[in-house]
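Novice: got a sequence here, can you model it:
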Amino acid sequence: MSEDNKDLRDDLNDMLGDAKEGARKAADKAEEFAQEAKGKAKEFAGEAKEAAKDFQQDAKEVFSDGKNVAIIAHITLIGWIIAVIMNSNEKNEFASFYIRQMLGLMLCSIILYFIPVVGWIANLLIFVLWIISLVGAIGGEKKETILLGKQFQEWFSAL
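Specialist: Predicted coordinates for the structure are as follows:
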C-alpha cells in the first residue's frame, strides 16, 4: 500500500501543481484585464471631459442668444419662468423685451379669463397676439403687442 500511497501523493502533488499553475495564469489574465480596463477608463474619462466642455460651450451659446430665451418665454408660465432665470445672469435686451411682453399677455389673459363670454372672446385675441409675438421672436425682430405693448415695456422694465 505504500506504493499506492506514493502514487496517490504524486498524483495529488501533480494536481496541486496544475492548480497553482492555473491560478497563476488566471491572476496574470486578471492583471492584464485590469490594466486594459484602466487604460480604457482613462480614455473614456478624457472623451467625457471633452464632451462636457463641448456641451458647456453649446449651452453658453444657447443661453447667451436672446432669441432662444425669447422663444422659451412663449412656452407657458413654466417656460416664462425658465426664460427669466436664464436671462437673470447676463441680461439680453431682446430676451428681456419678450419676457416683458409675455408677462403682460399672461396677466391680461388671467384677468380676462374671469369675465364671462366677453373675456373668453378677448382671450382668443390674446392667443392671436401670442402667436404674432412668437413669430416675431422666431424671426429675431422686436414686435410690440398691439395696444398695450409699450405699456408692458414700461410697467415691467425691471425684468
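
Novice: so where does residue 17 fall, helix or strand?
Specialist: Secondary-structure element containing residue 17, defined by DSSP states H and E: helix 2-64.

Novice: what kind of secondary structure is residue 115 in?
Specialist: coil (DSSP: H, G, I helix; E, B strand; the rest coil).

Novice: which intervals of this protein have sub-threshold pLDDT?
Specialist: 1-2, 4-5, 59-64, 159 (pLDDT under 70).

Novice: domain map for it?
Specialist: As assigned by automatic domain parsing, the chain contains the domains 1-64, 66-155.

Novice: which one of the ones you listed is the most hemmed in?
Specialist: Ranked by mean neighbour count, these are led by domain 66-155 with a mean of 16 (mean count of other C-beta atoms under 10 Å). Quick note: C-beta positions are derived from backbone N, CA and C, even for glycine.

Novice: against residue 133, how distant is residue 83?
Specialist: According to C-beta to C-beta, to the nearest Å, residue 83 stands 13 Å off from residue 133.

Novice: where do the contact lists of the two overlap?
Specialist: In terms of C-beta atoms under 8 Å, 6 or more residues apart in numbering, residue 83 and residue 133 are both contacted by the residues 98, 102.

Novice: thinking again about what came up before, which helices and strands does the following helix or strand past the helix holding residue 17 pack with?
Specialist: The helix or strand immediately downstream of helix 2-64 is helix 66-73, counting by DSSP H and E. Judged by 3 or more C-beta pairs under 8 Å, 6 or more residues apart in numbering; DSSP states H and E, the packing partners of helix 66-73 are helix 76-89, helix 93-113, helix 118-139.

Novice: specify the angle between the longest one and helix 66-73 in degrees.
Specialist: An angle of 160 degrees separates the directions of helix 118-139 and helix 66-73 when computed by axes from the mean of the first three to the mean of the last three C-alpha atoms, to 10 degrees.
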